[in-house]
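J.: Based on what follows, work out the 3D shape:
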Amino acid sequence: MLNHLGLVDALTAFRDGQATPADYLAACQAAALAQRDLAAFTYLATDLAVGDGPWAGLPVGVKDIIATADMPTTNGSAIYADHVPAADAWIVGRLKALGASVIGKTVSTEFAWRHPGPTHNPWKRGHTPGGSSSGSAAAVAAGIVPLALGTQTFGSVIRPAAYCGVVGFKPSYGAIPRIGVHPLAPSLDHLGLFTRSVTDVAFALARLIGRDDADRHGRPLPGFPLDHDTGLVPRAAPRLALVRTALWDRAEPEPRALLEAAAAMMRSAGGHVSDLVLPAAYDVLWQDARTILAVEASAGFGTLVQRFPDRTSQPLKDLVAEGAQIPAVAYAEALRRQADLRADLGTVLQGYDAILTLPASGPAPEGLASTGDPGFCVPWTCLGVPALALPAGESAGLPLGLQLVGTYRNDLALLGTARWCERVLSRPIAFPAA
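T.: The predicted structure is shown next:
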């Protein structure tokens, strides 16, 4: 099926005359309409035209906390139900400049926090796709778009990617400007990407990194242009640190077994995989992330909760109240440790190319009242280091994944390691029944 082509494969097909941008765009639109019951989108464009640029004909799903000037941006909130921004977010402007078409706005939890939307997991209806980037992960997994945008403050890219069986990538903090993205906690918020392969996510990242002076946290990555033919070169025989974090006891038997089996496969393929216990200092990251989140969310949403008590959820109200009770000194200490440990991780991982760990405690839970536990992603988000979810197995018809983590601003090295792991695992890209 034409809509099952990934980002790089679609562009190659256009170049070689095997498909036209218009036909591909139409096939993806048809797939979106045919799977409305998935509830991946809050808004679908009806008058899409092929853009002008190197990505002409590529449809992209955009998370509904990312501003789009030509379609609603609701932030997952009843307060913004009819809101159409005056300008595109920086990343949407970059996509349009490349010629890509925004096919629609993908479902987000309320302000990218806990109150879930209606999206189902495409592999098993009635199970969560994860969150908060629920619709983006589901849309890529279902074959609707080859690329979707998400955000991550705790685990909102990596966890849904693992639950939906796609590649999710959270680049280093500050790699992509967040201008026009509704903040949850600015010291933790990241833009992220969903695709179906490591090469696709690397190809997209290479064209979407940048800088805008209006994002004071921005720090662009060194450029790494990739073309269709060269692709992403796998890192040869990487050294991987198998890390079982302080949350290991929460992991279910199936993902634990998957992690061990994947490590054995990688050793057999020539990789070096050895256990690594992180220093005890890293055990504070979960609490520090919560402190930073609560304080910054309280500052950002306190007035909104007061103005609209009937249109804000209890999880958001609870978060605001929590943050209001945290002393300023505790917040300052959490920020200091965040910066110190980010710098320290390079020393801890000296001699390793990446961390190999779990992205979630198990497969996507049943029910849509919760988007699952983000805990296995929290330390890497707090540190602002690059992290990637890689499809690796399944349990009772639901995907299971692995998580690879690198050091700050060494995103390309992590992607090269992930490409090697992807090749070793050798899992064909599959699509759920529509």
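J.: Next up, the contacts around residue 385.
T.: Residues near residue 385 by Cβ atoms under 8 Å, 6 or more residues apart in numbering: 172-173, 342, 345, 405-408. (Each C-beta comes from the backbone N, C-alpha and C, glycine too.)
J.: run the last query once more with 10 Å
T.: Residues in contact with residue 385 (Cβ atoms under 10 Å, 6 or more residues apart in numbering) are 170-173, 341-342, 345-346, 349, 355, 379, 405-411, 414.
J.: And residue 101, by the same measure?
T.: Residue 101 neighbours (Cβ under 10 Å, 6+ apart): 21, 25, 28-29, 45, 48-51, 55-60, 95, 145.
J.: Residue 165 too?
T.: 121-123, 137, 140-141, 196, 363-364, 389, 391-394, 398-401, 427, 429-432.
J.: same thing but at 6 Å, please
T.: Residue 165 makes contacts with 141, 391, 399, as judged by Cβ atoms under 6 Å, 6 or more residues apart in numbering.
J.: which of the residues you listed has the most neighbours?
T.: Neighbour counts for these, by other Cβ atoms under 10 Å, peak at residue 141, which reaches 28 neighbours.
J.: Excluding chain neighbours, what is closest to that residue?
T.: In space, and not counting its chain neighbours, residue 141 is closest to residue 164: 3.9 Å by Cβ to Cβ, 6 or more residues apart in numbering.
J.: And for residue 357?
T.: Spatially, and ignoring its direct neighbours in sequence, residue 357 is nearest to residue 243 (4.6 Å; Cβ to Cβ, 6+ apart).
J.: For burial, what's the neighbour tally of the one you found?
T.: Other residues close to residue 243 by other Cβ under 10 Å number 23.
J.: pLDDT at it, what is it?
T.: Per-residue pLDDT puts residue 243 at 98.
J.: Next: residue 403.
T.: 99.
J.: tally of neighbours for the residue lying closest to it once chain neighbours are set aside?
T.: Excluding its sequence neighbours, the residue lying closest to residue 403 (Cβ to Cβ, 6+ apart) is residue 359, at 3.8 Å. Residues lying near residue 359 (other Cβ under 10 Å) number 30.
J.: Contacts only, for residue 214.
T.: When contacts are taken as Cβ under 6 Å, 6+ apart, residue 214 is in contact with residue 179.
J.: Please tell me how far it sits from residue 11.
T.: In this view, residue 214 and residue 11 are 30 Å apart by Cβ to Cβ, to the nearest Å.
J.: Nearest the geometric middle of the protein, what residue?
T.: For the chain, the residue nearest the mean C-alpha position is residue 157 (2.4 Å; Cα atoms, centre = their mean).
J.: who touches that one in this structure?
T.: By Cβ under 6 Å, 6+ apart, the residues touching residue 157 are 133, 150, 168, 170, 192.
J.: make it 10 Å
T.: Applying Cβ under 10 Å, 6+ apart, the residues contacting residue 157 are 63, 130, 132-133, 136-137, 148-151, 168-171, 190-194, 359, 377, 381, 387-389.
J.: And residue 317, by the same measure?
T.: For residue 317, the contacting residues are 301-302, 305-306, 309, by Cβ under 10 Å, 6+ apart.
J.: Between these, which sits nearest residue 16?
T.: When those are compared for distance to residue 16 (Cβ to Cβ), residue 301 wins out at 49.5 Å.
J.: quick one, strands of the stretch 301-434 of the chain?
T.: Secondary structure of the stretch 301-434 of the chain (DSSP state E, counting those that start in this stretch): strands at 354-357, 387-395, 398-405.
J.: And the stretch 51-200 of the chain, by the same measure?
T.: Under the criterion DSSP E, counting those that start in this stretch, the stretch 51-200 of the chain carries strands at the ranges 59-63, 101-106, 147-152, 167-170, 190-195.
J.: Determine which of those approaches residue 114 most closely.
T.: Across those, residue 114 has its closest neighbour in strand 147-152 (14.2 Å, Cβ to Cβ).
J.: longest helix of the protein?
T.: With secondary structure taken from DSSP state H, the chain has its longest helix at helix 285-307.
J.: Please state the offset of that one from the chain centre?
T.: Centre-to-centre, helix 285-307 and its host chain are 21 Å apart (Cα atoms, centre = their mean, to the nearest Å).
J.: in it, what's buried?
T.: 285-286, 288-301, 304-305 (16 or more other Cβ atoms under 10 Å).
J.: What of stretch 226-235?
T.: Residues of stretch 226-235 classed as buried: 226, 231-232, 234-235 (neighbour count, 16+ other Cβ under 10 Å).
J.: quick one: which of these is nearest to residue 208?
T.: Residue 208 has its nearest neighbour among the buried residues of stretch 226-235 in residue 226, at 12.2 Å by Cβ to Cβ.
J.: Who does residue 367 form a beta bridge with?
T.: residue 127 (DSSP bridges).
J.: measure it to residue 76 for me?
T.: Taking Cβ to Cβ as the measure, residue 367 falls 18 Å from residue 76.
J.: Out of those two, name the residue with the larger neighbour count.
T.: Using other Cβ under 10 Å as the criterion, residue 367 and residue 76 rank with residue 76 on top: 28 against 10.
J.: check contacts around that one.
T.: Contacts for residue 76 (Cβ under 10 Å, 6+ apart) come out as 42, 63-65, 105, 107-113, 115-117, 131-132, 134-135, 182, 313.
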